[in-house]
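> Sequence first, then the predicted structure, then my questions.
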Amino acid sequence: MNIQLPFPDDTVFDMQPEHTAIRTTAERFASESLAPLSRRIEAGGEIPLDIRRRMGALGLIGLELPEEHGGLGLDHTASGIVIEAIAEGDFNVAYVQLLASLCGTIVARHARPEIAGEVLPAVCSGEKLIALALTEPQGGSDAASLRLKAEKRGDEFLLTGEKTSISLADQADHAIVFARTDPGSTDARGISAFLVDLDASGIGRTRFHDMGEHAVGRGSLFFDAVRVPAARLLGSEGEGFAQVMQGFDFSRALIGLQCLAVARISLRETWRYVSSRQSFGRPLCENQGVSFPLAELETYVEAARLLCYRTLAAKDAGRPHTREAAMCKWWAPKLAFEVVQQCLLLHGHAGYSRDLPFEQRLRDVLGLQIGDGTAQIMKHIIAREALRVV
């Protein structure tokens, strides 16, 4: 049976049979193979290769990419369904889906066919990881001010500089690296994108000691006259920044669903707890001071979730969705943090311990209030889009 959810602008999310099938597969894998190992995966400090390979074999990585590149050729909504399901089992493992979709889409659209055919099948199979290297030490939100240089030398470029705050920095096999190819430019013009093999000579890596997302890891990449073949240029020289900005409209909706998955599983666990826990001779859930806040959070989570799917449906329909994507990115991570915090508190002292998953979830979702664009930047985008029609 198809489920149709109409939205105010007549964009419709239509749950197709392939959506239902892939969701069933992803949910089963998440509940049986990820959730029981989530704490062990965090302690290990990396996303295990065998987990990635199993997801790849099930078609759960880069599924919106063309079949010739290892994907399933499904729509962007299907990617949202999968990342939501995977994140319920393990928030950090869902970064595999997030970065494969964001970076894979850029590579599929802008790399030479032979390069895309070489790299993307290994990403979709889980054999290889791909990262996005945009941020630099002196400019986080001001991404267009980057300084990493790419000097043309015959049929190759020499990359020199530093990238920082890179997810999977010490695990990734490839990275989309943004560099300034026009030394005379000072803004987004003159920025190009390259697909770089991270085992190339001259690349150094560090890992940060962050409070959360331990299995993902975040760090810096250092480029010391790294030679990159000109064939690895993505798209035309000087167009790199425009390419990544288009990709972010997709990834921000995925991030929203990734965070909301943590909120949804936390609410589910908390409803069970307050239904079974007795206080003063009756279940906690019979107290409005307990059930009403949870009911409010259920409402907010469902509204935010529909916004994320509306954004993906708009992308699949070829409609503008920059404004909606920015809404997903600032609201969903913030809401997820608030939900997990409330669920932790309702579990009392047990919720504050490391025996329950709430403390890890708080640490993990907090990171996405920063990464991929802060709330302030997202609100600036929303305001800019609103002023276009005033």
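Received, thanks.
> right, and residue 294 touches residue 266 too?
No: the criterion here is Cβ atoms under 8 Å, and residue 294 misses it with residue 266 at 10.2 Å. C-betas here are computed from N, CA, C, even on glycine.
> Would you mind telling me which of those two has more residues around it?
Per other Cβ atoms under 10 Å, whichever of residue 294 and residue 266 has more neighbours is residue 266, with 29 against 18.
> Is my assumption valid that the more buried one occupies a position in a helix?
Yes: secondary structure of residue 266 (DSSP: H, G, I helix; E, B strand; the rest coil): part of a helix.
> Just give the closest residue to it, not the sequence neighbours.
Of all residues beyond its chain neighbours, the one nearest residue 266 is residue 343 (4.3 Å), with distances taken as Cβ to Cβ, 6 or more residues apart in numbering.
> which stretch of helix or strand covers that neighbour?
Residue 343 belongs to helix 322-346 when assigned by DSSP states H and E.
> related to what we said a few turns ago, what's around the residue nearest to residue 266, how many residues?
Look at residue 343: counted by other Cβ under 10 Å, it has 29 neighbours.
> Tell me the spacing between it and residue 301.
11 Å (Cβ to Cβ, to the nearest Å).
> Sketch out the helices for the stretch 101-250 of the chain, chain order is fine.
Counting by DSSP state H, counting those that start in this stretch, the stretch 101-250 of the chain has helices at residues 113-124, 240-276.
> Indicate which one of those helices is closest to residue 308.
Ranking the helices of the stretch 101-250 of the chain by proximity to residue 308 (Cβ to Cβ) places helix 240-276 first, at 4.1 Å.
> now for the closest one, which elements pack on it?
Packing partners of helix 240-276 (3 or more Cβ pairs under 8 Å, 6 or more residues apart in numbering; DSSP states H and E): helix 76-89, helix 94-110, strand 174-180, strand 191-197, strand 282-283, helix 288-316, helix 322-346, helix 358-366.
> related to what we said a few turns ago, buried ones in the next helix or strand after the helix holding residue 343, by neighbour count?
Counting by DSSP H and E, the next helix or strand C-terminal to helix 322-346 is helix 348-352. Within helix 348-352, the residues that qualify as buried by neighbour count (16 or more other Cβ atoms under 10 Å) are residue 351.
> Run through the residues that contact the residue of the chain positioned farthest from its centre.
In terms of distance from the mean C-alpha position of the chain, residue 281 ranks first, at 44.5 Å (Cα atoms, centre = their mean). By Cβ atoms under 8 Å, 6 or more residues apart in numbering, the contact list for residue 281 is empty.
> how near is it to residue 294?
Applying Cβ to Cβ to residue 281 and residue 294 gives a distance of 21 Å.
> Identify the residue spatially nearest to residue 149, adjacent ones excluded.
Distances taken as Cβ to Cβ, 6+ apart place residue 160 nearest to residue 149, at 5.1 Å, with adjacent residues excluded.
> what's the answer for residue 129, then?
Distances taken as Cβ to Cβ, 6+ apart put residue 172 closest to residue 129, at 4.5 Å, once the chain neighbours are dropped.
> And the one you found, its phi and psi?
phi -70, psi 150 (degrees, to the nearest 10).
> thought it was touching residue 198?
Yes: using Cβ under 8 Å, residue 172 makes contact with residue 198 at a distance of 5.8 Å.
> Now do the shared contacts for these two.
Common neighbours of residue 172 and residue 198 (Cβ under 8 Å, 6+ apart) are residue 131.
> and residue 107, how many neighbours?
Count around residue 107 with other Cβ under 10 Å applied: 25.
> what's the answer for residue 287, then?
Count around residue 287 with other Cβ under 10 Å applied: 13.
> Contacts only, for it.
residue 279.
> Then residue 138?
Per Cβ under 8 Å, 6+ apart, neighbours of residue 138: 145, 147.
> quick one: it from residue 225, how far?
On the measure of Cβ to Cβ, residue 138 and residue 225 end up 20 Å apart.
> what's the nearest residue to residue 277 if we skip its chain neighbours?
Counting by Cβ to Cβ, 6+ apart, the residue nearest residue 277 is residue 284, at 4.9 Å.
> hang on, I meant residue 369
In space, residue 369 is closest to residue 333, 4.6 Å off (Cβ to Cβ, 6+ apart).
> any idea how far residue 156 is from the nearest residue to residue 283 once chain neighbours are set aside?
Closest residue in space to residue 283, ignoring its immediate chain neighbours: residue 275 at 5.6 Å, by Cβ to Cβ, 6+ apart. Look at residue 275 and residue 156: by Cβ to Cβ, they are 63 Å apart.
> And the spatially closest residue to residue 184 that is not a sequence neighbour, how far from residue 312?
Among residues not flanking residue 184 along the chain, residue 190 sits closest, at 7.2 Å (Cβ to Cβ, 6+ apart). To residue 312, residue 190 is 32 Å away according to Cβ to Cβ.
> Then residue 99?
17 Å.
> Comparing the two, which residue is more hemmed in?
residue 312 (28 against 25).
> And for the residue nearest to residue 353 when sequence neighbours are not counted, the neighbour number?
Leaving out its chain neighbours, the residue that sits closest to residue 353 by Cβ to Cβ, 6+ apart is residue 359, at 7.6 Å. Residues lying near residue 359 (other Cβ under 10 Å) number 16.
> what's near enough to touch the residue nearest to residue 155 when sequence neighbours are not counted?
Nearest non-adjacent residue to residue 155, counting by Cβ to Cβ, 6+ apart: residue 230, 5.0 Å away. Neighbouring residues of residue 230 by Cβ under 8 Å, 6+ apart: 152, 155, 156, 157.
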